[in-house]
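*Asks:* Kindly return the folded structure for what I paste below:
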Amino acid sequence: MNHKPHVWLIRSLAGLAAALVVAVPLTIWLMASSNHRHSEAVVLAPPVASPAPNIVHITATGFSPASITIKTRQTIEWINDDQAVHQVIAVSAAPYISASSLDQPNSPRLAPSQHYSYTFTHTQSVAYHDVDAGRTALVIVQP
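*Replies:* Alright, predicted model coming up:
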């Protein structure tokens, strides 16, 4: 009869050990699954590349590029890379088209290193020239 309390204790400990053998791995698995779900929710998208700037360089030999194609609502920036003063002026497309219906880039006189930007809002082709050097170039604006 002295052994019965020990048997009860041994059986209780054995039952507890069996429960822990099942419960501990189950708890670890649930915790890992929970962390995994959270890591999926925090996936970052790769950075989106910004479109290349539409830049035209004004040099002693003319505009570079001499022709540029853009979409409506895009901006072109002209940069005077020469040591002389230059001015970007639109060439009239046709005498019967109202100047207000066309995009007309008309810069002030640009000293060396100065910039001029213009946003095109209409689908069209616009010829422009440098009044100081007499060189001509073209902007093609697509929808």
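*Asks:* can you count the residues close to the nearest residue in space to residue 75 that is not next to it in sequence?
*Replies:* The shortest distance from residue 75 to any non-neighbouring residue, by CB to CB, 6 or more residues apart in numbering, is to residue 119 (4.4 Å). The C-beta positions use only the backbone N, C-alpha and C, and glycine is treated the same way. By the criterion of other CB atoms under 10 Å, residue 119 has 12 neighbours.
*Asks:* what separates residue 119 from residue 70, distance-wise?
*Replies:* Distance, residue 119 to residue 70, using CB to CB, to the nearest Å: 10 Å.
*Asks:* Likewise for residue 111?
*Replies:* Using CB to CB, residue 111 is found at 26 Å from residue 70.
*Asks:* In terms of neighbours, single out the busier of the two.
*Replies:* Neighbour count, other CB under 10 Å: between residue 111 and residue 70, residue 70 has more, with 16 against 12.
*Asks:* so that one touches residue 120, yeah?
*Replies:* Yes - here residue 70 reaches residue 120: they are 6.4 Å apart, a contact under CB atoms under 8 Å.
*Asks:* joint contacts of the two?
*Replies:* 76, 139, 141 (CB atoms under 8 Å, 6 or more residues apart in numbering).
*Asks:* mind listing what residue 55 touches?
*Replies:* 76, 77, 78, 79.
*Asks:* contacting residues around residue 64?
*Replies:* 56, 57.
*Asks:* Keeping just the C-alphas, turn stretch 106-116 into PDB.
*Replies:* Written as PDB, here are the backbone C-alpha positions of stretch 106-116 (Å, rounded to 0.1, in the frame of the first residue of the first chain):
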ATOM      1  CA  ASN A 106       9.200  80.000 -76.600                       C
ATOM      2  CA  SER A 107      12.000  80.400 -74.100                       C
ATOM      3  CA  PRO A 108      13.600  83.500 -72.900                       C
ATOM      4  CA  ARG A 109      17.200  84.000 -74.000                       C
ATOM      5  CA  LEU A 110      19.200  81.300 -72.200                       C
ATOM      6  CA  ALA A 111      22.700  82.200 -70.900                       C
ATOM      7  CA  PRO A 112      25.200  79.400 -70.500                       C
ATOM      8  CA  SER A 113      24.000  76.600 -68.100                       C
ATOM      9  CA  GLN A 114      20.400  78.000 -68.000                       C
ATOM     10  CA  HIS A 115      17.400  75.700 -68.400                       C
ATOM     11  CA  TYR A 116      14.000  76.100 -70.000                       C
END
